[in-house]
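> for reference, the sequence and a predicted model appear below.
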Amino acid sequence: MAQAKTYDIDTIRRDFPILHQQVHNQPLIYLDNAATTQKPKPVIDKVNEIYSLKNSNIHRGVHYLSTQLTEAYEEAREKVREFINAGNTHEIIFTGGTTHSINAIAYSFGEKYVQAGDEIIIAELEHHANIVPWQVLCERKDARLKVIPINDRGEIIMEAYEKMISGKTKIVAINHISNTLGTINDVKKIINLAHKQDIPVLVDGAQSVQHQTIDVQELDCDFFAFSGHKIYGPNGTGVLYGKEKWLEDLPPYQTGGEMIHKVSFEHTTYTSPPLKFEAGTSNYVGAIGMAEALKYLQKIGLDEIAAHEKGLLDYATSRLEEIPGLTIYGTASKKISVISFLIENIHHYDTGMVLDKMGIAVRTGHHCTEPLMNHFNVEGTVRCSFAMYNTKDEIDHLYRALIKVNEMFG
Ligand code: PLP
């Protein structure tokens with residue numbers, strides 16, 4: 001029987017150098033993990049090692065450094081494949097992040113398959129990255145964007161979705177987990193319903209890969225997008241997974257070096273995926289660093305991280321509910337460790353500013369989900385989001401700081 005891993009929070013915290021500093025003369029409490037996660041030493045060391053000793057442009061050289069780094073880059077692709085259980089490495093495209101991945105499909109799929117009068121389905125709780133690219137496509141092609149409504153707990157209304165799918169629907173693009181509310185959407189069901197009518201589904205996994213095990217074959221999604229920086233990897237990295245049949249079929253969304261088979265002034269032919277979708281010099285250092293982050297997560301254990309974060313979510317929810325006048329936005333039955341809230345009569349910026357002075361980093365504003373703010377009839381919220389290295393002690397600090405905020409403005 002496999003041995004359960006022990007969750008050693010002190011060792012984990014020691015791996016993240018940035019956490020051990022003072023901000024405004026207070027120990028830093030970093031609760032802005034949905035925006036970006038901090039990087040563990042193995043990731044920092046890997047990036048440092050490449051720039052110090054190994055840097056060379058990949059895929060184009062016969063010399064030692066280039067061949068070594070090309071090998072490391074392709075090994076990183078294999079690590080990503082294994083991490084999300086894709087069937088093939090050529091289904092893994094390295095991009096600059098989730099936004100980049102979604103735009104690639106909105107453009108490429110949109111060019112080939114979307115025509116006037118067609119429909120694209122998204123949901124009310126999308127991040128702007130999964131709204132605007134589809135909106136722009138609809139404007140370009142004279143197509144229609146349909147939006148699945150949510151209930152006041154922040155859950156997708158499945159019956160409304162079922163009624164929305166029709167012969168006109170060309171693609172469904174849905175976030176797996178809401179960055180603002182923490183809602184875990186039932187993407188498996190959303191995909192099954194779409195597939196009954198042969199409609200492909202793109203899953204925005206920006207907030208899910210770092211919190212739960214992803215199996216793209218089990219989900220049966222057609223596309224899956226995520227960002228390296230939200231999964232403890234370097235900035236400017238990301239992944240677009242696409243089923244082989246789609247990647248073979250779709251046109252490239254960017255052209256130039258790397259992605260060609262043959263070029264002449266009369267005509268150019270393209271190479272096969274994944275390189276067909278990786279025009280130009282990629283962020284190969286970042287991709288290798290991201291693979292290092294995935295190894296780190298596997299070492300700690302995704303199930304163990306999920307259990308730890310669930311403990312933090314439950315504890316933080318109960319503590320925050322004790323604070324007079326505090327309302328939590330997003331109370332879905334299935335949630336990850338994100339809590340959006342407002343305290344009555346206190347502006348979210350004021351709360352954020354005072355917390356900052358006490359060393360606590362939270363996010364304030366609309367969190368790139370303005371339509372979702374409209375649903376709740378608020379301009380913005382305060383959002384705390386917990387990661388593998390956060391502790392209940394930090395939540396106690398947050399609680400005491402919020403009591404102070406209340407006293408100052410109340
Ligand atoms: N989708 C979701 C759900 C997100 O939370 C984010 C970022 O917060 C994005 C997309 C965009 O990610 P990036 O800015 O890394 O491209």
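Everything's here; your move.

> in stretch 118-131, which residues are buried?
For stretch 118-131, the neighbour count (16 or more other Cβ atoms under 10 Å) marks 118-127, 129-131 as buried. Every residue, glycine included, has its C-beta placed from N, CA and C.

> so which bits of this protein are right by the ligand?
By Cβ under 6 Å from any ligand atom, the part of the chain that sits against the ligand consists of 97-99, 127, 129-130, 175, 179, 204, 206-207, 227.

> right, and Arg77 touches Ile92 too?
Yes: if you go by Cβ atoms under 8 Å, Arg77 and Ile92 touch, sitting 5.0 Å apart.

> now the common contact residues for those two.
Both Arg77 and Ile92 are contacted by Pro274, under the criterion Cβ atoms under 8 Å, 6 or more residues apart in numbering.

> between those two, which is the more surrounded one?
Ile92 (26 against 21; other Cβ atoms under 10 Å).

> in the sheet, who's paired with the more buried one?
Tyr241 (DSSP bridges).

> looking at the buried residues of stretch 118-131, which is nearest His267?
Among the buried residues of stretch 118-131, Asp118 lies closest to His267 (Cβ to Cβ), at 30.1 Å.

> and stretch 73-80, how far from the chain's centre?
Chain-centre distance of stretch 73-80: 19 Å, with Cα atoms, centre = their mean, to the nearest Å.

> now stretch 31-46: buried residues?
Under the neighbour-count criterion of 16+ other Cβ under 10 Å, stretch 31-46 has 31-34, 37-40, 42-44, 46 buried.

> and the furthest pair within the residues of the chain next to the ligand?
Gly97 and Asn175, at 14.4 Å, using Cβ to Cβ across the residues of the chain next to the ligand.

> neighbour count for the two, which is higher?
The neighbour count for Gly97 versus Asn175, taken as other Cβ under 10 Å, is higher for Asn175 (27 against 24).

> skip the chain neighbours and tell me the closest residue to that one.
Counting by Cβ to Cβ, 6 or more residues apart in numbering, Asp204 is the residue found nearest to Asn175 once chain neighbours are left out, at 4.2 Å.

> list the beta-bridge partners for that neighbour.
Asn175, Ala225.

> close enough to count as contact, Leu302 and Ser208?
No: between Leu302 and Ser208 there is no contact under Cβ under 8 Å: 10.9 Å.

> looking at those two, which one has more neighbours?
Each of Leu302 and Ser208 has its neighbours counted (other Cβ under 10 Å); Ser208 has more, 22 against 18.

> what's the nearest residue to that one if we skip its chain neighbours?
His176 (3.8 Å).

> isn't the one you found right next to Val203, touching?
Yes: shown here, His176 and Val203 form a contact pair, counting by Cβ under 8 Å, at 5.2 Å.

> overlap of the contact sets of the two?
Common neighbours of His176 and Val203, using Cβ under 8 Å, 6+ apart, are Val187.

> okay, which residue of this protein is out on the far edge from center?
Here the chain reaches farthest from its C-alpha mean at Glu266, the gap being 40.7 Å by Cα atoms, centre = their mean.

> now, which of the residues of the chain next to the ligand lie within helices?
Among the residues of the chain next to the ligand, the members found in helices (DSSP state H) are 98-99.

> I'd like the residues of the chain next to the ligand as JSON lines, with pLDDT appended.
Formatted as JSON lines, those follow (pLDDT from 0 to 100):
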{"residue": "Gly97", "pLDDT": "98"}
{"residue": "Thr98", "pLDDT": "98"}
{"residue": "Thr99", "pLDDT": "98"}
{"residue": "His127", "pLDDT": "98"}
{"residue": "Ala129", "pLDDT": "98"}
{"residue": "Asn130", "pLDDT": "98"}
{"residue": "Asn175", "pLDDT": "97"}
{"residue": "Asn179", "pLDDT": "98"}
{"residue": "Asp204", "pLDDT": "98"}
{"residue": "Ala206", "pLDDT": "98"}
{"residue": "Gln207", "pLDDT": "98"}
{"residue": "Ser227", "pLDDT": "98"}
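
> name the nearest of the residues of the chain next to the ligand relative to Glu322.
Lowest distance from Glu322 to these (Cβ to Cβ) belongs to Asn179, with 25.4 Å.

> burial count for that closest one?
27.

> I'd say it and Leu372 touch.
No: with contact defined as Cβ under 8 Å, Asn179 does not reach Leu372; the gap is 9.5 Å.

> list the contacts for the closest residue to His128 other than its chain neighbours?
Distances taken as Cβ to Cβ, 6+ apart place Cys368 nearest to His128, at 4.4 Å, with adjacent residues excluded. Counting by Cβ under 8 Å, 6+ apart, Cys368 makes contact with 127-129, 179.

> please apply the same query to His367.
34, 127, 179-180, 340, 380-381, 383 are the contacts of His367 under Cβ under 8 Å, 6+ apart.

> contact partners for the closest residue to it other than its chain neighbours?
Among residues not flanking His367 along the chain, Thr180 sits closest, at 4.4 Å (Cβ to Cβ, 6+ apart). Listed by Cβ under 8 Å, 6+ apart, the contact partners of Thr180 are 125, 329-330, 338, 340, 367, 369, 372, 381, 383.
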